[in-house]
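Trainee: Output the structure for:
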Amino acid sequence: MTDLNKVPVTVITGFLGSGKTTLIRHLMQNPAGKRLAVLVNEFGDVGVDGDILKACADESCPAENIVELANGCICCTVADSFIPTIEALLALPVRPDHILIETSGLALPKPLLKAFDWPGIRSRITVDGVIALADAEAVADGRFAPDVAAVDAQRAADESLDHETPLSEVFEDQIACADIVLLSKADLASPEQLAKARAIIAAEAPRCPPMIDMIEGRIDPQVILGLGAAAEDDLNARPSHHDGEDDHDHEDFESLVIDLPEIADPDLLAQRIAQVALAQDVLRIKGYVAVTGKPMRLLVQAVGARVRTQYDRPWRADEPRQSRLVVIAEHDALDLPALLRGLNG
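Mentor: Residues are numbered from 1 along each chain as shown. The predicted structure is shown next:
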């Protein structure tokens, strides 16, 4: 049974753009009577996800309970960042009832779970559950790998080749660690794609976790909070490609921050982002854009060539109307001059 003296922590993991921030926003708006705290691990220097969540702060999750870690992957910076941040959250004047951790899309969950055995915090917190988000359409289409056809061709040509691409290994590690898998953006996938995504996940999941369709991050908090998994105590049941390794790195990926002038046509920018993503194999683009004549900032989120935009809040008087996007791609895949030409037209 879960130690009632320990603060439960839910680790929310998932590939780039799978909808983790949208899910946390929903949980913040529907806290089921709990006082929440949120730890967000960004990839890149621009805190887009943290800023989105801070805009939703309220009495159940005030702004001081929302913390960003942008100095590296959370599973690689445990001692330097994660432990001190958890200690700070536990030391808040009003202790949170539940902590949500949004990992970066590239984080491996198992090294993070191991950190819960750290002497300073192991008697005070427990992993209530690991929730893995999987974009149903993307999983069905095999887009967690950079080029599935090329990988298959390489396998066929070389019988001795028996390793996975870095993206698929990250995906498999996240699924293997999960207590529940949420198939996000289920409304964008066909019934056939949903069935295929479920089959792919079932083949990679050693413990057959429940799989639940989800749209726009909407799910009853009672389904995913209060699992009492104590995941830090059953690490052997959560296999990883990196078991036995002391650490790992993310040199296969890189991020760039792109500053843009104000734009006049959001639809045109979305088209350009989609074209750039296809031309340069971009994994993820996210950020804020200033639109001429509009008092609200435009939130831009793209997964591959799928682009979504929405006005999220007015520009504050104390902040510049600055357009800034974070671009994430595989290492050495980005051509910065071509990227700028593509986005600026």
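
Trainee: helices or strands up against the helix or strand hosting A134?
Mentor: Per DSSP states H and E: A134 is located in strand 125-135. Contacts defined by 3 or more C-beta pairs under 8 Å, 6 or more residues apart in numbering; DSSP states H and E place strand 125-135 against strand 7-14, helix 20-29, helix 109-114, helix 166-177, strand 180-184. In short, each C-beta sits where N, CA and C put it, glycine included.

Trainee: Let me know the angle separating the last one from strand 7-14.
Mentor: Orientation note: strand 180-184 sits at an angle of 40 degrees relative to strand 7-14 (axes from the mean of the first three to the mean of the last three C-alpha atoms, to 10 degrees).

Trainee: list the buried ones in whichever helix or strand comes after strand 180-184?
Mentor: Downstream of strand 180-184, the next assigned helix or strand under DSSP H and E is helix 191-204. By neighbour count with 16 or more other C-beta atoms under 10 Å, helix 191-204 contains the buried residues Q193, L194, K196, A197, R198, I200, I201, E204.

Trainee: Kindly report the same for stretch 334-342.
Mentor: For stretch 334-342, by 16+ other C-beta under 10 Å, it's L334, L339, G342.

Trainee: what's the spacing between the nearest residue to A230 once chain neighbours are set aside and S190?
Mentor: Once flanking residues are discounted, A230 sits nearest to T126: 5.4 Å by C-beta to C-beta, 6 or more residues apart in numbering. To S190, T126 is 39 Å away according to C-beta to C-beta, to the nearest Å.

Trainee: swap in I99?
Mentor: For I99, the distance to S190 - C-beta to C-beta - is 36 Å.

Trainee: in the protein, which spans are strands?
Mentor: 7-14, 36-41, 66-69, 98-102, 125-135, 180-184, 211-213, 253-260, 282-289, 296-303, 306-314, 323-330 (DSSP state E).

Trainee: Compare T126 and S190 (neighbour count), which wins?
Mentor: T126 (22 against 11; other C-beta atoms under 10 Å).

Trainee: Bridging across strands, which residues link to that one?
Mentor: T126 has the following beta-bridge partners by DSSP bridges: P8.

Trainee: I figured it hits G226, correct?
Mentor: No - between T126 and G226 there is no contact under C-beta atoms under 8 Å: 11.8 Å.

Trainee: Return every residue with contacts to both of the two.
Mentor: Residues within reach of T126 and of G226 at once, by C-beta atoms under 8 Å, 6 or more residues apart in numbering, are P8.

Trainee: circling back: could you export the buried residues of helix 191-204 to TSV, including columns for distance to V40?
Mentor: Output for those, formatted as TSV (distance: C-beta to C-beta, whole Å):
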residue	distance to V40
Q193	29
L194	29
K196	31
A197	26
R198	29
I200	28
I201	25
E204	26
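
Trainee: what's the closest of the residues you listed to A138?
Mentor: Nearest to A138 among these, counting by C-beta to C-beta, is A197 at 8.4 Å.

Trainee: wouldn't I273 be in contact with K286 here?
Mentor: No - contact criterion C-beta under 8 Å: I273 and K286 do not qualify, at 10.2 Å.

Trainee: and the gap between A91 and P84?
Mentor: A91 is 10 Å from P84, by C-beta to C-beta.

Trainee: before we move on, what about G17?
Mentor: On the measure of C-beta to C-beta, G17 and P84 end up 29 Å apart.

Trainee: who's more crowded, the two?
Mentor: For the pair G17 and P84, the greater number of neighbours falls to G17 (24 against 12), based on other C-beta under 10 Å.

Trainee: pLDDT value on that one, please?
Mentor: Here, the pLDDT recorded for G17 equals 75.

Trainee: ok, now which ones touch it?
Mentor: Per C-beta under 8 Å, 6+ apart, neighbours of G17: G105, D135, A138, L283, R284, K286, Q301, A302, V303, G304, R306.

Trainee: Hmm, A189 is touching A195, no?
Mentor: No - A189 lies out of contact with A195 (C-beta under 8 Å); the separation is 9.4 Å.

Trainee: shared neighbours, these two?
Mentor: With C-beta under 8 Å, 6+ apart, A189 and A195 have no common neighbours.

Trainee: what's the closest non-adjacent residue to D128?
Mentor: D128's closest residue in space is P8 (C-beta to C-beta, 6+ apart), at 3.5 Å.

Trainee: how long is stretch 65-83 end to end?
Mentor: 15 Å (C-alpha to C-alpha, to the nearest Å).

Trainee: Lowest mean pLDDT among the helices and strands of this structure, which one is it?
Mentor: helix 148-157 (a mean of 44; mean pLDDT, DSSP states H and E).

Trainee: Restricting to C-alpha, output stretch 311-329 in PDB.
Mentor: In PDB, the C-alpha atoms belonging to stretch 311-329 read as follows (Å, rounded to 0.1, in the frame of the first residue of the first chain):
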ATOM      1  CA  TYR A 311      -4.400  32.600 -29.500                       C
ATOM      2  CA  ASP A 312      -3.700  31.800 -25.900                       C
ATOM      3  CA  ARG A 313      -3.500  35.100 -24.000                       C
ATOM      4  CA  PRO A 314      -3.000  38.900 -24.500                       C
ATOM      5  CA  TRP A 315       0.600  40.200 -24.600                       C
ATOM      6  CA  ARG A 316       1.500  41.700 -21.300                       C
ATOM      7  CA  ALA A 317       2.500  45.300 -21.000                       C
ATOM      8  CA  ASP A 318       5.900  44.400 -19.600                       C
ATOM      9  CA  GLU A 319       6.900  41.900 -22.400                       C
ATOM     10  CA  PRO A 320       8.100  42.600 -25.900                       C
ATOM     11  CA  ARG A 321       5.800  41.500 -28.800                       C
ATOM     12  CA  GLN A 322       8.500  39.000 -29.900                       C
ATOM     13  CA  SER A 323       8.000  36.100 -32.200                       C
ATOM     14  CA  ARG A 324      10.200  33.100 -31.200                       C
ATOM     15  CA  LEU A 325      10.100  29.500 -32.200                       C
ATOM     16  CA  VAL A 326      12.000  26.400 -30.900                       C
ATOM     17  CA  VAL A 327      12.900  24.000 -33.700                       C
ATOM     18  CA  ILE A 328      13.900  20.400 -32.700                       C
ATOM     19  CA  ALA A 329      15.400  18.000 -35.200                       C
END
